[in-house]
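Engineer: I'll drop the sequence and a predicted model, then ask my questions.
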Amino acid sequence: MLFLDTNVYSALANGQKEIVSLIQTEAGLVLALPVIAELRYGFLKGSRQNKNEETLQRFLAQPQVEIALPTIDTTYLYAEFQLYCVKSGKVLSHNDFWIAAIAKQNDGVLVTYDRDFEVLSSRFSEKLIILNA
C-alpha cells in the first residue's frame, strides 16, 4: 500500500503526471489522518476551500483509498523516530513524525516529495520513496 504524504496528494489532485502514473497500478492508497488535517488547514488558508474539499471527498470515497489512524502502538514509533532525528541533528514537523509512524506501523510505502524524510531512510529501507520535485 502506498501512503501518500500531503505534497503527493496535492500533486495528484492537480493531475501531475508523475504521480498519476505511479499510483495507476497500485491496488491500495492510504492517507494518514495527519495528512488530511494538513490538507484541510491548507484549504482553509486558500481561496478554493469548497472545491478542494470536494476533490478530497471524491478521492476518499474511492474503494482503493483508505484512511489510516494512529493507535497507541503508533506512539512508540513516533517517539523512536523523533529521538532518532534529535540524535541525528535533523528536524521534522510533528505531523511528519505521525505520518512516518503510521506508514511504518502499517508496513506501507511512504511516498513524498519532502527530502526531510531522508533522515528516516534507514528505518524504512525500500519502503520510502522520495520523489524529485
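Structural biologist: Received, thanks.

Engineer: contacts and neighbour counts: CA atoms only from here.
Structural biologist: Will do.

Engineer: longest single helix anywhere in the chain?
Structural biologist: helix 74-88 (DSSP state H).

Engineer: who touches that helix?
Structural biologist: Contact with helix 74-88 is made by 91-92, 97-98, 100-102, 104-105, 119-120, as judged by C-alpha atoms under 8 Å, 6 or more residues apart in numbering.

Engineer: Name the residues of that helix that are buried.
Structural biologist: 74-75, 77-78, 81-82, 85 (16 or more other C-alpha atoms under 10 Å).

Engineer: do the same with stretch 1-20
Structural biologist: Buried, per 16+ other C-alpha under 10 Å, within stretch 1-20: 1-12, 19.

Engineer: Minimum pLDDT in the residues you listed, which residue is that?
Structural biologist: Ranked by pLDDT, these bottom out at residue 19, which has 86.

Engineer: Quick one: mean pLDDT for stretch 31-45?
Structural biologist: What stretch 31-45 shows for mean pLDDT is 98.

Engineer: How far off centre is that stretch?
Structural biologist: Computed by C-alpha atoms, centre = their mean, to the nearest Å, the chain-centroid distance of stretch 31-45 equals 10 Å.

Engineer: hmm, who's touching that stretch?
Structural biologist: Taking C-alpha under 8 Å, 6+ apart as the rule, stretch 31-45 contacts 3-6, 49-50, 52-53, 65-70, 95, 98-99, 102-103.
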